[in-house]
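The following comprises the amino acid sequence and a computationally predicted model.
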Amino acid sequence: MNDKPREIRKNENRSLTEIGETASLLSKEGLKSLLYLVAGKQDSNVKLFWRIICIEPEDISELNERIQEKLMQHNTKAAVASVDVMYKNGRATQFGTWPEFEDYNWHTTHVVEKASVKWDFIIQLPHYAIPQRHTLTVTLLGSFSPLHMLQAIFSKNPDQISEVEMETAPILCRVDFISHLLSDELINIVEEWVKSRSVAEFITKPKTFLKLRKRTIARFVHYSLPFLFGLLSASILHAKFAEFTPNTLVPISIFKYSLYWLLGTGVGISAISLMGKYLGKTIYKTIDNYGIHTMFCFTNGDKNAKKENETKNTALIRKFWFNIVVSIVINLTCAFIAYLLFVG
């Protein structure tokens, strides 16, 4: 049983009838426009950038200028830009207007962890009766780990990007749009802006090569040491038996020597193999940990963190070369002595 009075039910039915009649008069695009305005459901374009860049507040202002210039080329009814900055200590600063962001005093000890720049604007589009809302969001992740460096090298197709990668991508650009053309234009602007930023100093071709071949390098160091030590051991045995000919009687002492040689070779290869494993493992970890980076250079805390990361990366490079040099010295020494014994 319906508890509503008959008069109220008549009014509701009349309202629904009027809405239906009004909707029937609207075009397909007009209905779509009305639906977007009421429901707020839009299509979205997402693009990730793995470029390892360094940015300052002036860079964010430059991006805003590029976006505003593009919006001026369209029939923009209203536009609002805002910036949210999150710090590593759990604090955050929200800038509701652009002048607040540009006039902010960045002389603090906080370290920026994440920044999100958002543009909300309403544009009058052709074939739409009502101005349409669009949103552009650029999210910047401050700390750039070595994992990000590898992902930067192996950039993926957007269709193959997982949700985890979207949450951890150093730069994420998202456009909620009605106009596909405008969405592509905005993403292209952000892409050009990213490409024009300065890249982190530690990104070079040799260091990228090491990142890609770290496992191969570690294994080579690990197995080359016992191999060359075995070659040295064989050369010692060869030098000892060089004075004997097939017709020469071999004294009993030589058999004792052979047993000692066999025992010493086994112990030596085991020990040198452990050393090679240690050096290889250390080299692998050194390369793997190399590449710590802070994207932001906003606050004094960011600048200090950047110096600390540079110091850590420099120490890792020195550690890498030290272990490489140690392995090379051991291998060359074994190879040189083996050569002398075989030739001599």
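Perfect, I can see it now.

Please count neighbours and contacts with C-alpha atoms only from this point.
Will do.

right, and the helix or strand after the helix or strand that contains Glu192?
Per DSSP states H and E: Glu192 is located in helix 180-195. Per DSSP H and E, the first helix or strand lying C-terminal to helix 180-195 is strand 198-199.

what residues does that next one touch?
Strand 198-199 is contacted from outside by 51-55, using Cα atoms under 8 Å, 6 or more residues apart in numbering.

Can you tell me which of those residues has the largest number of neighbours?
The most crowded member of those, judged by other Cα atoms under 10 Å, is Ile52 (24 neighbours).

my guess is that one meets Phe296, correct?
No. Look at Ile52 against Phe296 with Cα atoms under 8 Å: they stay out of range, at 11.0 Å.

If you count neighbours, what's buried in the helix or strand where Ile217 lies?
Using DSSP H and E, Ile217 maps to helix 214-241. Residues of helix 214-241 classed as buried: 214-215, 217-219, 221-237 (neighbour count, 16 or more other Cα atoms under 10 Å).

Then stretch 102-118?
By neighbour count on 16+ other Cα under 10 Å, the buried set for stretch 102-118 is 106, 110-118.

and whatever helix or strand comes next after the helix holding Ile217 with helix 214-241, angle?
Next along the chain after helix 214-241, taking DSSP H and E as the criterion, comes helix 252-289. Helix 252-289 and helix 214-241 are oriented at 170 degrees to each other (axes from the mean of the first three to the mean of the last three Cα atoms, to 10 degrees).

Following helix 252-289 in sequence, what is the next regular element?
strand 293-294.

can you give me the strands for the stretch 1-150 of the chain?
43-49, 53-54, 76-87, 92-95, 112-123, 132-141, 143-144 (DSSP state E, counting those that start in this stretch).

burial measure for Val46, as a count.
15.

before we move on, what about the one 3 residues further on?
Phe49 has 19 neighbouring residues, counting by other Cα under 10 Å.

What of Lys285?
The number of residues packed near Lys285 is 16, by other Cα under 10 Å.

which regions of the stretch 201-344 of the chain sit below the pLDDT cut-off?
Within the stretch 201-344 of the chain, the ranges that satisfy pLDDT under 70 run 242-250, 344.

go on, the stretch 51-200 of the chain?
143-168.

cutoff 50 now
Low-confidence segments of the stretch 51-200 of the chain (pLDDT under 50): 155-160, 164.

What is the longest helix along the chain packed up against?
Ranked by residue count under DSSP state H, the longest helix found in the chain is helix 300-343. Identification of packing neighbours for helix 300-343 by 3 or more Cα pairs under 8 Å, 6 or more residues apart in numbering; DSSP states H and E yields helix 214-241, helix 252-289, strand 293-294.

relative to helix 214-241, how tilted is it?
Using the same axes, to 10 degrees: helix 300-343 against helix 214-241 is 20 degrees.

quick check: angle from helix 300-343 to strand 112-123?
Per the same axes, to 10 degrees, the angle that helix 300-343 makes with strand 112-123 is 120 degrees.

what's the span of stretch 173-182 from first residue to last?
14 Å (Cα to Cα, to the nearest Å).

quick one: contacts of it?
Residues contacting stretch 173-182 (Cα under 8 Å, 6+ apart): 42-48, 125, 132-139, 183, 186-187, 190.

can we see that at 6 Å?
By Cα atoms under 6 Å, 6 or more residues apart in numbering, the surrounding residues in contact with stretch 173-182 are 42-47, 134-138.
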